[in-house]
Structure formats: C-alpha cells, structure tokens
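K.L.:
Structure, please.
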Amino acid sequence: MSAATVPAGYRVLRAGPASFLLHRRSALAAAGLLLLLAAAVVASLCLGESTVSPAEVLKVVTGRPSPHELVVGEFRLPRVQVGLLAGLALGLAGALIQTVARNPLASPDVVGVSHGAAALVVGLLAYAVVGSTGQVPYAAVGGGLVAGLLVYALAWRGGLHAQRFVLIGIGISVALSSLTTVFLTKGDGLQAQQAKVWMTGSLNGAGDAQSGWLSWVLLAALPVALWAARAQRSISFDDATAVGLGLRLNRTRAGMALLGIVLASCAAGACGPVDFVALMAPQIAVRLARSAQIPLLCSALTGAVVVVLADLLARRTLAPVELPVGVVTGLVGAPYLMWLLLRSRRGGS
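P.N.:
You can find the predicted model right below:
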C-alpha cells in the first residue's frame, strides 16, 4: 500500500508479508483505556472491608509473602480476574454484533443471547435438573449459543439483513424472557431463588475455574478477532457495492456474528447475564476513537473497565452489603439505552 492510498489518520504497520492499517486515535484511546483499566484493577484490589496498600497488593500479585494474602489473593484477585475477562468478552461481542447489525442498539442483551443463557439456566435450576453450581456455566453457554444461532437462522434469507437480525432478536428475547418467568413461577421455590440470584449477574464467588476457561476462550478468539478487525471495512459497504467488488459479505457477517455469540455466551457462563455492557462499550469506544468503524480493541478494553469499576461500586456503595455487578451496570445502562433511543428518533448518529 502506497502512502497516497493510506486514509487520513491511519498508519500502515507491516509484519512480514502482512500489512495492517492502524488508526492513530484508536491507538491513543486504547493506551488510555489500558491505563484506566490498570488503575481500576488496583483500586478494586486495594479497597474493600479492609484497605490494603498498593505495595502489599503488588507483593501478593508477584507471589511474595504478605499478611494480606488471604484477602487479596483468595477473595479479591480471582473476582477481579473474572470481571476483567468477562468485560473483555462482552465489549468485543458487542462491537462485533453492532458491526454486523449496523445498529448501535444491537447487543447480546437485545438479540437474545443473554436471554437464551438465562432461560436454560433458570429452567434447569428451577426444576432441579442441575444440582451443582459448577454445571451452571456450561448450561449458560449452551443456552446462549442456541438462542444466538436460532436468531441468525431465522434472520437468514439468502443473506443476513441487519434490520431483520435485530428485529428477530428482539422477538426471541421477549419470548425467552417470558419462558424464564414461567420457569421461575412453576419450578421449585428454593432452586428458583438461586436462579434469580444468578440472573442478576454477579462476580461473588467467581474464581480460578471461571477465569481459567474464559482466558482460553479469549485466546482462541484472538486470531478470529484480528481477521474481524481487517474485515470491518468491507462490512460498511451496502450489499450491491460489496457484490460489485467481489466481497463475500455474508461469510464475513456470519463469522463476526458467530464470534460475538460465542463470546457473549461464555461471559454469561462465567458470571451470569451482566446487562448493558455489550451495548455501551462499543459506542463509548467509537466516541473515544472517533473512527468510522467500531474499534474492537478499544471496545473490549472499555467493557473490561466498565465491569471492573461496576463491581467495585457494587461492593462499596452499600458496604457491608454487596450488590450484584449486573445491578450497577443496569442502573447505568438503562438510562443510556433510553438516551440512544431518543437520539435515534431525532436522527442523531
């Protein structure tokens, strides 16, 4: 690629035969988000019922002896790890689904993925089919995948049309939400109460088991995410232009949607449905980067920052009572969704 063909605000990065376009402002935004995420992680590890200094936290993290090893290493660190990884997965999932749908109102919460995870988990818990909480993550992943793939299959008519994808997703979400209510009403009372707690989305009790497999999921998704970042420019074309240029638009959309569904399902499996993170993160990232496409890395980092900070607020706002992290993200995300709806009615971008 010659210098004359490089769009304004971009730089070309080359790694052997491969070349990549780097958006400069996106890179600066990603660096700022990394610093903010590091500060949020340190604050979350330091603050709690007892305050631990950053120096002592560093000792625990690096494996050196510390009197705060139990509090930081056993209670806070695993929780922060799961929140960070789930936030990365939700931010990236939201960016991919909004890119495919070309709609800022699209997210796993809206197109049925989170509702599918909740419906299956609540059904299995309420009717005592699942007797161990260790089986819940697998049920959540399965429910989210089935719901997401069902939406995709119903929206496919010789190709994936963005508006139909969102509308069918909303319809499936409503149906699954009603089904979840039926399960809660008809199922065993004690099990149904446990299901209600899980549905709020909580990092309480999250540990190495969840962070371990979620890390492997994100690592496996990295090559596909790199491909998706390069393929985003083709998604912005309309169908007629894409066909004229010889682009395989349907395959690109299918790959992005599938990755988004998998990531959102795995995040729900790790900590329950944490609503609105996947909706907010991509739009915050776009405004920070001021780019034409949603910056995937910035969106993932934004999701991680939102979840880690929300969990810190959930633990400290009404201490010693701990709120589920999903309650805090819901309190922030619901007004944000209303603002997006009002903005879209006025014709805003």
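K.L.:
Just want the phi and psi numbers for Trp156.
P.N.:
phi -80, psi 120 (degrees, to the nearest 10).
K.L.:
So that it lines up with my notes, have the first residue be 687 from now on.
P.N.:
Right, with 687 as the first residue, what we last looked at is Trp842.
K.L.:
If you tally nearby residues, what's the number for it?
P.N.:
16 (other Cβ atoms under 10 Å). For the C-beta atoms, the positions are set from N, CA and C on the backbone; glycine is no exception.
K.L.:
what sits opposite it in the beta ladder?
P.N.:
Leu846 (DSSP bridges).
K.L.:
Can you give me the distance of it to Gly857?
P.N.:
Between Trp842 and Gly857 the distance is 15 Å, computed by Cβ to Cβ, to the nearest Å.
K.L.:
I'd say Leu778 and Leu982 touch.
P.N.:
Yes: using Cβ atoms under 8 Å, Leu778 makes contact with Leu982 at a distance of 6.0 Å.
K.L.:
Which neighbours do those two have in common?
P.N.:
Listed as contacting both Leu778 and Leu982 by Cβ atoms under 8 Å, 6 or more residues apart in numbering are Ala911.
K.L.:
Pick out whichever of the two has more residues nearby.
P.N.:
Neighbours were tallied for Leu778 and for Leu982 using other Cβ under 10 Å; the higher tally belongs to Leu778 (31 against 23).
K.L.:
Give me the mean pLDDT for the lengthiest helix in the chain.
P.N.:
Looking across the chain with DSSP state H, the single longest helix is helix 894-921. Averaging pLDDT along helix 894-921 yields 85.
K.L.:
Ok, stretch 745-757 next?
P.N.:
Averaging pLDDT along stretch 745-757 gives 83.
K.L.:
Alpha carbons of the host helix or strand of Ser712, as PDB, please.
P.N.:
Following DSSP states H and E, one finds Ser712 within helix 710-732. Output of helix 710-732 as PDB, limited to C-alpha atoms (Å, rounded to 0.1, in the frame of the first residue of the first chain):
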ATOM      1  CA  ARG A 710      -3.800   6.700  15.300                       C
ATOM      2  CA  ARG A 711      -6.500   8.000  17.600                       C
ATOM      3  CA  SER A 712      -7.700   4.400  18.300                       C
ATOM      4  CA  ALA A 713      -4.200   3.500  19.400                       C
ATOM      5  CA  LEU A 714      -4.100   6.500  21.700                       C
ATOM      6  CA  ALA A 715      -7.600   5.700  23.100                       C
ATOM      7  CA  ALA A 716      -6.500   2.000  23.700                       C
ATOM      8  CA  ALA A 717      -3.400   3.200  25.600                       C
ATOM      9  CA  GLY A 718      -5.600   5.500  27.800                       C
ATOM     10  CA  LEU A 719      -8.100   2.700  28.400                       C
ATOM     11  CA  LEU A 720      -5.200   0.300  29.400                       C
ATOM     12  CA  LEU A 721      -4.000   2.900  32.000                       C
ATOM     13  CA  LEU A 722      -7.600   3.400  33.300                       C
ATOM     14  CA  LEU A 723      -8.100  -0.400  33.500                       C
ATOM     15  CA  ALA A 724      -4.900  -0.800  35.400                       C
ATOM     16  CA  ALA A 725      -6.000   1.900  37.900                       C
ATOM     17  CA  ALA A 726      -9.400   0.200  38.200                       C
ATOM     18  CA  VAL A 727      -7.900  -3.200  38.900                       C
ATOM     19  CA  VAL A 728      -5.500  -1.700  41.600                       C
ATOM     20  CA  ALA A 729      -8.400   0.200  43.200                       C
ATOM     21  CA  SER A 730     -10.500  -3.000  43.300                       C
ATOM     22  CA  LEU A 731      -7.700  -5.000  44.900                       C
ATOM     23  CA  CYS A 732      -7.000  -2.300  47.400                       C
END
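K.L.:
in the helix or strand following that helix, what counts as buried?
P.N.:
Scanning forward in sequence from helix 710-732 by DSSP H and E, the next helix or strand is helix 740-747. With burial defined by 16 or more other Cβ atoms under 10 Å, the residues of helix 740-747 counted as buried are Glu742, Val743, Lys745, Val746.
K.L.:
Kindly reformat these as a markdown table and extend each row with distance to Thr871.
P.N.:
Below are the buried residues of helix 740-747 laid out as a markdown table (distance: Cβ to Cβ, whole Å):
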| residue | distance to Thr871 |
| --- | --- |
| Glu742 | 48 |
| Val743 | 45 |
| Lys745 | 50 |
| Val746 | 45 |
